[in-house]
Structure formats: C-alpha cells, structure tokens
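In: sequence and predicted model, in that order:
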Amino acid sequence: LQYCEGGGESPDDLSRLAASINSGYGSVAEAKRLLDLSLSMDPTHVGSLTQYAVVAHGREHDVDLAERMIKRALDADPSDPEALCCYGGLLMDDARKEYNRAEELFKATLRVDPQHVSALSLYGLLVQEVRQDYKKARALYDVAHFLDPQHTDTLSHYGTFLGRVQQDFEGAMQLYDRVLSLDPYHANTMCNYGLVLQAQGKDMHRALSCFERALRIDPLHAPSLGFKGLILHTSFRNFNAAEEAYQKSLALAPSDGVVLSNYAHMIHEVRKNETGAEALFKASLDSNPGHVSALCSYAQLKEYRSDYEGSQQLYLRAISADPTHVGALCDYALLLAGRMKRFDQAMEVLERASQVDKTKGGEVQGTVQQVKQLKQAEAAASKARGVSAARKELERRRLLRLSHAAQGE
C-alpha cells in the first residue's frame, strides 16, 4: 500500500494513515514516509512522534530510535496518554528492563485516562512477570477486557497468565485461538502458542511450526528465536540448528536471561564446554539474579565439578527466589541425598515440595523414591565397607601372628 498525498492532508491525517498501515502489517517504509511528511509539517506533532516510536520499536526493534521519538513527543506534551503508555512499554523491553520507570509511566497514563486499555494491559503484564503480583495482574486484565473484549494484546497477556501462572493450558490456547482469529499476524501470540504446546509435551512438531510461523511474521522476533533454539536442543537434538537460533536471539536481545541460561545448558551438556557455559550462566544471572532455571542449571554444573557447597548455595538462592518451584526443590533434595549423604534433610525438602506441588504430579513422589533408593544403597555400601574393613583387620592380625611366629623360630 502506498498513499499518494493530494496536498490537503494534515499531520493528524498522515499519522492516522501511518498507524493503519502499521497495524495492518503493511510497508514500514511507507508508514515512516508518511510520518516523516507529517513531521516536516509539524516537528512537534505528538501523534506522529508517538506512532514513529511504535513503528521503530514494534516493527524494526530499534529501541534507541523509538526512545528518541517518544522523548520528543513527551517534550511536546508531557501528559499525552498514548506517548506515556508507549514509553512504558518500551522500557519493559529486554534492551531496557527499567521496570520501575515503566510502572510510573503506566500509572501516569491511567491518571490521565483511567480507561486506557493498552496501559491497563501492559501494567498487568508488568506486575505479573516482574512483581509476581498475580491478583493485581488479573484485576488489571479484567478491567482492560471489560473495556475492550477484542483487544488482542490483553487477550494474549491473559492467555499467558492462564498458561504460566495457573497451568491452564487449554484456557490459554482458547484465548490464543481468539487472538489469532482477530489478528493472524500477532507474533507474540503465535510464539506463546508454541510455548503452551511445548509445555504440554504433546506435539513438538506443531510447537516448532508455531515458532517458525512467528518468525515468518517477524524475522527479528527474539523470543521465537530463543524458544526455537530450545525445542531444537531439547526435543529434536538438532544442536547445530539450536545453537544458530540461540545466537541469533542473543544478537537481538543480549541480556535475555532465559536464552542465556538455555544456551549455557546446551554448551555444557553437548559441547562439554564448562568454561563457556559458566560464563553464560553468570551473564544470565547478571541480567536476572532470581532466574530459577539458570540458578538450578548452574548448580548442576557446580555439582558436575564436585563443588557441592557451591551447588547447594545456588539451589538455596533458587528456592529463595521461588519457594514454590517444585523442580528446584526436587533437584536440591537429590544433591543432598546423592552427593552430600544428608538423607533426612533431603526428605524434609521433599516434604516442602509436596506441600507446594499444585499439580500433584509424579515428580515429587519419583524423587522421594530416588532418595530412598540412594539411602538404601548407601547403607548397603556402608555395610560392605564395614565388612571389608573387618576382613582387612583380620588379615592384618593373621599376618602379624605369622610374623611373631617366624621371629620365635
């Protein structure tokens, strides 16, 4: 789509047309051309500056350009709700991670416009993912959905809430289906759909196809590249393709703690590169000190190196970050039992895991059985060591008697 101006267009007209082109996944170049034309007419036109930031951030992933434009918009009108909300969303990007400032911007948006749906939705995502305040997140989503039942970002964020927080995968997929019926090019939703399929373990080929479809929509979609790497690594064992996807994702989002951790795990498991893996784990934890998966995977590397105390400290950090993380509790129990021979302490940890395990799956019970088997094996080995020591002592005494007898002769 190319628009030929006839001479009577206002900056408002041009900005609205550029927004329409962008929302319909039309030509980025044409949208920017119209916005440049609008800004040549009025360099302080807030709507055009804000829309320029939306295009730069959402379509080109150029966070620096987007921030320059949105700052110009807010210089022109510090209370414009669209500009405030846009800046808050930009600061949530992995390239910024300025969550406190983002939260203040969402609050400022809602003070100006309490019914600003995008601000409600993005604020809900922030308190869900960063603050882990799930009650508040759901309340914000509910208000946004009431105001606009077809707001695709709200539906997508709500689907993530159902899948990640409540483990309601069917509910999440229903919402994702609804989003994609409204907007077949919603890359985030296509990526999240793949994540739900992957979490269910039902159809890994379909999950991979979701990530690939998201990347056809947006070839620079870093999360889809990262999760494509993960599924190629863990499910298809296509390590070269996985490494390529991980590296592309990190080129776009170098501080993504999830991708750094997953890549480190592969580097350790497959490439046997302990030094490289450790560097990636440290980078992941620099980005997100409370990242449970990174802490647990790094703990396993420490255990592999026989640094059991170091491994224990990492598990304790993981459990402190999320006391309800069943996997971390089970892995810690296995370290206590298998390496440190602290069987009673391991069982205490597993009792805590059983209390917080909402799914009541088999992981905790399976780990309990492993700990019991390890304890039995240790008891048998201890008995065998005792028998062996007794036999050695008898042999020593026999040889001593023979020595004395020889001297007596």
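Out: Okay, I see it.

In: give the contact list for the residue most central in space within the chain.
Out: If you average the C-alpha coordinates of the chain and look for the closest C-alpha using CA atoms, centre = their mean, you land on residue 258, 4.8 Å from that point. Going by CB atoms under 8 Å, 6 or more residues apart in numbering, residue 258 touches 226, 284, 291, 293. No exception for glycine: its C-beta is placed from N, CA and C like everyone else's.

In: pLDDT wise, what is it at?
Out: According to the prediction, residue 258 has pLDDT 92.

In: and residue 132, by the same measure?
Out: As summarised for this prediction, residue 132 has a pLDDT of 89.

In: which non-adjacent residue is nearest residue 250?
Out: residue 259 (5.7 Å; CB to CB, 6 or more residues apart in numbering).

In: next secondary structure after the helix or strand hosting that neighbour?
Out: Secondary structure assigned from DSSP states H and E places residue 259 in helix 257-269. Toward the C-terminus, helix 257-269 is succeeded by helix 274-287 as the next helix or strand (DSSP H and E).

In: next, the buried residues of the helix or strand following that following helix.
Out: Tracing the chain C-terminally past helix 274-287 and defining elements by DSSP H and E, one meets helix 292-304 next. Going by neighbour count (16 or more other CB atoms under 10 Å), the buried part of helix 292-304 is 292, 293, 294, 295, 296, 297, 298, 299, 300, 301, 302, 303.

In: how about the CA coordinates for stretch 107-118, as PDB?
Out: C-alpha atoms of stretch 107-118 as PDB (Å, rounded to 0.1, in the frame of the first residue of the first chain):
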ATOM      1  CA  LYS A 107       0.400   4.900  36.500                       C
ATOM      2  CA  ALA A 108       0.700   8.400  34.900                       C
ATOM      3  CA  THR A 109      -1.100   7.200  31.800                       C
ATOM      4  CA  LEU A 110      -4.000   5.900  33.900                       C
ATOM      5  CA  ARG A 111      -4.200   9.100  36.000                       C
ATOM      6  CA  VAL A 112      -4.800  11.000  32.700                       C
ATOM      7  CA  ASP A 113      -7.000   8.300  31.200                       C
ATOM      8  CA  PRO A 114      -8.200   5.600  33.700                       C
ATOM      9  CA  GLN A 115      -9.700   3.600  30.800                       C
ATOM     10  CA  HIS A 116      -6.600   3.400  28.700                       C
ATOM     11  CA  VAL A 117      -6.800  -0.300  27.700                       C
ATOM     12  CA  SER A 118      -3.200  -0.700  26.500                       C
END
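
In: need the residues that contact it.
Out: Applying CB under 8 Å, 6+ apart, the contact partners of stretch 107-118 are 79-81, 84-85, 88-89, 119-120, 123, 144, 147-148, 151, 153-154.

In: which ones are touching residue 38?
Out: Contacts for residue 38 (CB under 8 Å, 6+ apart) come out as 11, 14, 15, 18, 45, 48.

In: could I get the residues you listed as CSV with pLDDT?
Out: Putting the contacts of residue 38 into CSV (pLDDT from 0 to 100) gives the following:
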residue, pLDDT
11, 96
14, 97
15, 97
18, 97
45, 98
48, 98
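
In: between the residues you listed, which sits nearest residue 271?
Out: Proximity of the contacts of residue 38 to residue 271, judged by CB to CB, is greatest for residue 18, which lies at 46.4 Å.
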